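# give me the fold of what follows.
(chains A and B)
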Amino acid sequence: MLWRKLLSGASRLLLTWLCAGLFGAALVRLAPGFGADELELDARMNRESIQAIREARGAEGGIVASYWRYLRNAASGDLGMSSSMGRPIAELLGDRLPLTLRSVAFGLTLGWVAGLSMAASTAIFRRSAYDAAAGSLNGLLLCIPSALLAFFLFAVGAPAAVGIAAMVGPRVFRTAHLLFRDSLDLPHVLTAEAKGLGRVRVFSFHLLPPVAPQLIAWLGTSVTLALGTAIPVEVICDSPGIGQLAWKAALGRDLNLLVCLTLILTAFTLTANFLCDVAIAWRGGSRPCRRSGIWRPHSC
Amino acid sequence: MQTLRYLAAAFLLMVFLASVGADFLSPAPYERQFRDHPNEPPSRRFPLGTDELGRDRLSRLLHGSRVSLLLAPAAALLAVFLAALVGLSAGFLGGWFERAAMACTDLFVSLPWLFLLLTVRALLPLNVAPWTSVSITFLLLGLLGWASSARVIRAGAAAVRGSDFALQARAAGCRTARLMMVHLLPNLRPAIAAQFWISIPVFIWSEANLGMLGLGVTEPLPSWGNLLLELANYRAVFAAPWLLAPAVLLVLVSSGFHFIFSKEDPCR
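So this is what the prediction gives:
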């Protein structure tokens, strides 16, 4: 059963990824100015030469045909040339992708550790002053756009990963805090506390397991958030990753490079969400609480 | 908490009214250049100083607030309209239409929001007139920002579809369009309204992000996004902290929305 689910999820992932690429390719084809060749404006070109250029362009085929050709070339490692950088796209990605992946991985880890530990400590200590302080700090960070936050972090010399963590952490805190707070009133938690179990034990064995699926699901969403945040953070912190590459491609209207980046980012976000779904399905053995709709394990 | 919500609402109303009345409150037109007074510090004549072209910063901030605060709700309205259209039809009709609509929604949601905006913005001409750039920016926000709201509305519509009153209306021969407009839509109004109000700060931040990346509203028209571009010279900020005024206003307005629409229960 699990294998069937995995297979269906993987095929859906592949289909969505291909559709994302087709969507990108269609946008590029429909963009104003696509296919315009400055050679046509060259006064030395006669009518026959201009006609030949147009026919050569027409031979490229429609959106689907050119997308299919693009995928076939991509499978053999040829992602085309970047018009704004004048270099092969595969080479550009090879240079920049590892840096962004490192920043995103470090930022996600830092953001999750900070946000989750802060939310956990509010659920364990349950002091209103601490709750208010943690809520205010995270609320403030939630109200700052990523580019502005990146600017403040750049001014104090923080690396790009900290900017990503500062965007992810408060959202993790808010989600986890609400989930923990809603779970505190559940009968099995109240019973555990009434039986005299310590708060750390109650949190670890009775509060955390039921909300784990929602937190795992949120992990997938946070990957999308982190990759999106990488663009302004890398631009403002001058970190030469794919976020900065996307920005340069946008300013230079390098549509080929943008489609390629769309495919890569979509692949990452879809895979992250798929892996989270697999983790939730593998964990299994949970059922929703009738009262709150929150999942809790059989042991409760 | 309730008091804070009232205070936040009052503050937002005040900023909104100030931005609407920018023509009357501004000390000078936003594009007027006082060439003898570039980079002036705050004074009685220029309460927030002037920029490097000698333009009054307070006037530009008020007009920039107008662009951001009036057009973000317009973009949110467009996004929520599209989300309601997709979500309501998908949730009510079900079947292959629901699967196709949700696959399309998943496709939009799977792409990082800012990257999607950046890509689609790059496909359109970059060197355009200021008001054209405003229209492009906020139209894009509206046209691309419907996906997550559509999911919420679809879930609501699917829940209402099986309710007793909907089944009774269908059994009584009520047509699909009437069923959707008269029976479903009023029940989904709270969810749609919530999505509208949640979208406004998101679109304000998106415009600010695009503006700070140089892909938002173009000069000389001010917006919060392009006013924040001045912060790029971060060393100047330490010497002239009044440069932070647009950032402070943006954070305060975002906090206002956060307080009003926070999920925190005021009774707890």
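
# ok now do the residue in the stretch 201-300 of chain A that chain B sits nearest to, which residues does it touch?
Nearest to chain B in the stretch 201-300 of chain A, going by CB to the nearest CB, is residue A:228, at a distance of 3.0 Å. The way it works is simple: take the backbone N, C-alpha and C, and place the C-beta from them, glycine included. Contact analysis of residue A:228 by CB atoms under 8 Å, 6 or more residues apart in numbering or on different chains lists A:146, B:112-115.

# so residue B:204 makes contact with residue B:253?
Yes. The pair formed by residue B:204 and residue B:253 meets the contact definition of CB atoms under 8 Å, at 7.0 Å.

# okay, and the common contacts of those two?
Shared contacts of residue B:204 and residue B:253 (CB under 8 Å, 6+ apart): residue B:69.

# can you show me the strands along the stretch 151-300 of chain A?
A:286-288, A:295-297 (DSSP state E, counting those that start in this stretch).

# let me see the contact set for the closest residue to chain A within the stretch 1-150 of chain B.
Closest residue of the stretch 1-150 of chain B to chain A, CB to the nearest CB: residue B:112 (3.0 Å). Residues in contact with residue B:112 (CB under 8 Å, 6+ apart) are A:224-225, A:227-228, A:231, A:265, A:269.

# cutoff 6 Å now
Neighbouring residues of residue B:112 by CB atoms under 6 Å, 6 or more residues apart in numbering or on different chains: A:224, A:227-228.

# so where's the chain uncertain?
Looking at chain A here, since you left the chain open. Applying pLDDT under 70 to chain A picks out residues A:1, A:32-42, A:54-61, A:283-300.

# nope, chain B
Along chain B, segments meeting pLDDT under 70 span B:1, B:262-268.

# point out the residues in it that sit beside chain A.
Selection of chain B residues close to chain A by CB under 6 Å from any CB of the partner chain yields B:106-107, B:110-115, B:118-119, B:122-123, B:205, B:208-209, B:212-213, B:231, B:234, B:247, B:251, B:254-255, B:258.

# again, 7 Å this time
Within chain B, the positions near chain A by CB under 7 Å from any CB of the partner chain are B:103, B:106-107, B:110-115, B:118-126, B:205, B:208-209, B:212-215, B:228, B:231, B:234, B:247, B:251, B:254-255, B:258, B:263.

# roughly how far apart are residue B:122 and residue B:67?
As judged by CB to CB, to the nearest Å, residue B:122 and residue B:67 stand 21 Å apart.

# neighbour count: those two, which is higher?
Legend: neighbour count by other CB atoms under 10 Å in any protein chain shown for residue B:122 and residue B:67, higher for residue B:67 (27 against 24).

# surely residue B:153 meets residue B:82?
No. In this structure, residue B:153 is not within contact of residue B:82 by CB atoms under 7 Å, at 10.2 Å.

# look at these two and report which has more neighbours.
Set residue B:153 next to residue B:82 and count neighbours by other CB under 10 Å: residue B:153 wins out with 24 against 18.

# and for residue B:241, the neighbour number?
11.

# quick one, phi/psi of residue A:81?
Per-residue torsions, residue A:81: phi -110, psi 150 (degrees, to the nearest 10).

# ok so, going back, measure the residue nearest to the residue of the stretch 201-300 of chain A closest to chain B when sequence neighbours are not counted to residue A:7 for me?
Leaving aside its chain neighbours, residue A:228 sits nearest to residue B:112 (3.0 Å; criterion: CB to CB, 6 or more residues apart in numbering or on different chains). Distance of residue B:112 to residue A:7, computed by CB to CB: 27 Å.

# pretty sure residue B:206 is touching residue B:117, no?
Yes. If you go by CB under 7 Å, residue B:206 and residue B:117 touch, sitting 6.2 Å apart.

# can you list the buried residues in the helix or strand where residue B:6 lies?
Assigned by DSSP states H and E, residue B:6 falls within helix B:2-20. Buried residues in helix B:2-20, defined by neighbour count with 16 or more other CB atoms under 10 Å in any protein chain shown: B:8, B:11-12, B:15-16, B:18-19.
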